[in-house]
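A.B. asks: When you get a sec, could you give me coordinates for this:
(chains A and B)
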Amino acid sequence: MNISSVAIGQYIPGESLVHRLDPRTKIMLSLIVVIALFIAKSAWAYAALAALIVGTVMASRVPVKMVLRGLRPLLFVMVLTFGLHLFMDPGEPIFRIGKIVATDKGLAQGLITVARLSLLIMATSIVTLTTSPIAFTDGLESLLRPLSFVGVPAHELAMMMTIALRFIPTLLEETDKIMKAQMARGADFETGNIAKRARAMIPILVPLFVSAFRRADELAMAMEARCYRGGQGRTRLRQLRLGTMDVAALVLVTAYAVAVMAVL
Amino acid sequence: MGLVFQYPEHQLFEETVAADIAFAPRNLGMSEADVDEAVREAMRVVDLDYDALRGRSPFELSGGQKRRVAIAGVLAMRPEVLVLDEPTAGMDPRGREEVLAEIRQLHEAHGYTIVLVSHSMEDVARFAERLIVMDGGTVVMEGSPREVFRNREDLVRMGLGVPQVTGLMAELAARGLPYAENVITVEEALHTLLPALLGASGADAGAGAGAGADAGADAGAGGGEVGE
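C.D. replies: Below is the predicted model of the structure:
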């Protein structure tokens, strides 16, 4: 199990403009761009949105490799949907393999779907790449707070996310330890068919769950010992404050997205 | 070779004690009859009652019992060499004594070669025949505990130290009491000090020493290792 294969919460510290934006600004803007990507129909609209996203990636000075790494897990899905569109959509035939026919409309639709998926991932991963997990959950909590009137537990959700992110590396390490211990008892995780391999996971999963519950218990106690009583009345050392840059970014990007939708 | 990791009870997963111990022999492809025999033997060696415990869930046992089940799970492979990483970590004094006594038993009665990783200088002094001190991933000292514990300053500098009684005896010797060359266990200290103390108060020194101590009771496992 490789730690670097987990892209969640993979924050790359930096001093760029994108890094310094308020997390709420970044979350809202990525949401707007995601919505725009779903509404967009024409190839020009996609090009315009791609320009915006690529521009943001450049401005963040995050290595492009890191942004592209987020695409890897979805590579299979992208190839599959592209293939399905190419060969299944009705339209003028371009070429054929045996009985299956590739169509021009299918090609266009396939390309657009792949572009939409890649841009979706890039638009969201640029937020997590430039926002520390703590800033991210603070921003999320602040954005969800208005919803607490209708019963959304904003603080609790944000705290759960922080804890989940915090424990991903811990659980990976634990998994590694348990795997080694079971391998010392002759366990085999690599050979056999799917059913056999799934069964081979039991000696890892049971101890992992047991230790996760134990950890959760201990963490709850440690938090209570430090007087945690939920978010009520909590004050913060770092207050989130929208600056001029945030307002400018919000206005400009929203205007851009709306204009793209309206014109193209 | 059998490897027992730190906190081995964290690897328990089966519904019953017997099934958990049977995991390793099954993986080795033993027949069911051999597996059952290996489980019985492993449980007997670590002093667990086969008939009473085989059907119990490993998760409802006490901490010391869980650890012994886990060690039995490795012993069931019938290794010649058993490597244990801090087998007494996080246990109460009685549990520690029990586990250490079993490890000694494994060596003396069942002929296992034991490699024990420990930070407890007292345990190492009592059990090890050969001691290897590691610091920063390299071997820095090697020899019998008696030889190794001569290097008190070096060991303290590495954050390890010597058994308390060794330090005490050195201090006492510096204040003029009889000094036996490198005492490493309490029994030896008693043996060295008692005659002198009794002699000073006019009693029969020989009888006192004979009754009080059984020196050199520290023969033990086949090797000791002090990890860093």
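A.B. asks: May I have the residues that are in contact with residue B:45?
C.D. replies: Counting by CB atoms under 8 Å, 6 or more residues apart in numbering or on different chains, residue B:45 makes contact with B:72, B:75, B:102, B:105-106, B:110. To be clear about C-beta, it is placed using only N, CA and C from the backbone, and glycine gets the same treatment.
A.B. asks: hmm, which of the residues you listed are the buried ones?
C.D. replies: Buried members of the contacts of residue B:45, counted by 16 or more other CB atoms under 10 Å in any protein chain shown: B:72, B:75, B:102, B:106.
A.B. asks: mind checking how far the closest residue to residue B:9 other than its chain neighbours is from residue A:240?
C.D. replies: Nearest residue to residue B:9, sequence neighbours excluded (CB to CB, 6 or more residues apart in numbering or on different chains): residue B:66, at 3.8 Å. Distance, residue B:66 to residue A:240, by CB to CB, to the nearest Å: 47 Å.
A.B. asks: higher neighbour count, these two?
C.D. replies: More crowded of residue B:66 and residue A:240, by other CB atoms under 10 Å in any protein chain shown: residue B:66, with 20 against 16.
A.B. asks: Tell me which residues touch that one, please.
C.D. replies: By CB under 8 Å, 6+ apart, the neighbours of residue B:66 are B:9, B:12, B:58-59.
A.B. asks: Please apply the same query to residue B:139.
C.D. replies: Taking CB under 8 Å, 6+ apart, we find residue B:139 in contact with B:132-133.
A.B. asks: Who does it form a beta bridge with?
C.D. replies: Applying DSSP bridges to residue B:139 yields these beta-bridge partners: residue B:134.
A.B. asks: do you know how far it is from residue B:133?
C.D. replies: 7 Å.
A.B. asks: just residue A:198 next, same as before
C.D. replies: To residue B:133, residue A:198 is 45 Å away according to CB to CB.
A.B. asks: These two: who's more crowded?
C.D. replies: Each of residue A:198 and residue B:133 has its neighbours counted (other CB under 10 Å); residue B:133 has more, 22 against 10.
A.B. asks: which regions of the chain sit below the pLDDT cut-off?
C.D. replies: All of this is about chain A. Scanning chain A with the threshold set as pLDDT under 70 gives A:1-9.
A.B. asks: could you do chain B instead?
C.D. replies: For chain B, applying pLDDT under 70 flags the ranges B:177-181, B:199-228.
A.B. asks: Spell out which parts of it neighbour chain A.
C.D. replies: Counting by CB under 8 Å from any CB of the partner chain, chain B comes close to chain A at B:2-3, B:5, B:8, B:10-13, B:23-24, B:27-28, B:59, B:73-74, B:77.
A.B. asks: Buried among those? Need that as a selection in PyMOL.
C.D. replies: Buried residues among those (16+ other CB under 10 Å), as a PyMOL selection:
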select buried, chain B and resi 2+3+5+8+10+11+12+13+23+24+27+73+74+77
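A.B. asks: who in the stretch 101-250 of chain A is up against chain B?
C.D. replies: So the stretch 101-250 of chain A meets chain B at A:177-178, A:180-182, A:184-188, A:202-203, A:205-207, A:210-211 (CB under 8 Å from any CB).
A.B. asks: List only buried entries from those residues.
C.D. replies: Among these, those scoring as buried are A:177-178, A:181-182, A:184-187, A:203, A:206-207, A:210-211 (criterion: 16+ other CB under 10 Å).
A.B. asks: With secondary structure and distance to residue A:71 added, can I get those residues in CSV?
C.D. replies: Below are these laid out as CSV (DSSP: H, G, I helix; E, B strand; the rest coil; distance: CB to CB, whole Å):
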residue, secondary structure, distance to residue A:71
A:177, helix, 31
A:178, helix, 31
A:181, helix, 35
A:182, helix, 33
A:184, helix, 37
A:185, coil, 39
A:186, coil, 39
A:187, coil, 34
A:203, helix, 34
A:206, helix, 34
A:207, helix, 34
A:210, helix, 36
A:211, helix, 33
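A.B. asks: From residue B:93, how far out is the most centrally placed residue in chain B?
C.D. replies: In chain B, the residue lying closest to the centroid (CA atoms, centre = their mean) is residue B:100, at 4.0 Å. Per CB to CB, residue B:100 is found 10 Å from residue B:93.
A.B. asks: Kindly report the same for residue B:173.
C.D. replies: 29 Å.
A.B. asks: Repeat that for residue A:178.
C.D. replies: From residue A:178 to residue B:93 the distance is 28 Å (CB to CB).
A.B. asks: What of residue B:43?
C.D. replies: Residue B:43 is 24 Å from residue B:93, by CB to CB.
A.B. asks: So between the two, which is more surrounded?
C.D. replies: Per other CB under 10 Å, whichever of residue B:43 and residue B:93 has more neighbours is residue B:43, with 23 against 8.
A.B. asks: Can you show me the helices along chain B?
C.D. replies: With DSSP state H, the ranges of helices along chain B come out as B:17-27, B:32-45, B:50-53, B:63-75, B:93-108, B:121-127, B:145-148, B:152-157, B:164-174, B:186-200, B:205-212.
A.B. asks: Would you mind listing the residues in contact with the closest residue in space to residue A:61 that isn't next to it in sequence?
C.D. replies: Excluding its sequence neighbours, the residue lying closest to residue A:61 (CB to CB, 6+ apart) is residue A:16, at 4.8 Å. By CB under 8 Å, 6+ apart, the contact set of residue A:16 is A:59-62, A:130.
A.B. asks: Torsion angles phi and psi at residue A:16?
C.D. replies: Dihedral pair for residue A:16: phi -70, psi 170, per degrees, to the nearest 10.
A.B. asks: for the one 4 residues further on, same thing?
C.D. replies: Residue A:20 adopts backbone torsions of phi -80, psi -10, taken as degrees, to the nearest 10.
A.B. asks: Is the nearest residue to it once chain neighbours are set aside inside a helix or a strand, and which specific one?
C.D. replies: In space, and not counting its chain neighbours, residue A:20 is closest to residue A:245: 7.0 Å by CB to CB, 6+ apart. Secondary-structure element containing residue A:245, defined by DSSP states H and E: helix A:244-263.
A.B. asks: which residues touch that helix?
C.D. replies: A:17, A:20-22, A:24-25, A:28-29, A:32-33, A:36, A:39-40, A:45, A:48-49, A:52.
A.B. asks: please redo it, this time with the cut-off set to 7 Å
C.D. replies: The list of residues contacting helix A:244-263 from outside it, by CB atoms under 7 Å, 6 or more residues apart in numbering or on different chains, reads A:17, A:20-22, A:25, A:28-29, A:32-33, A:36, A:39-40, A:45, A:48-49, A:52.
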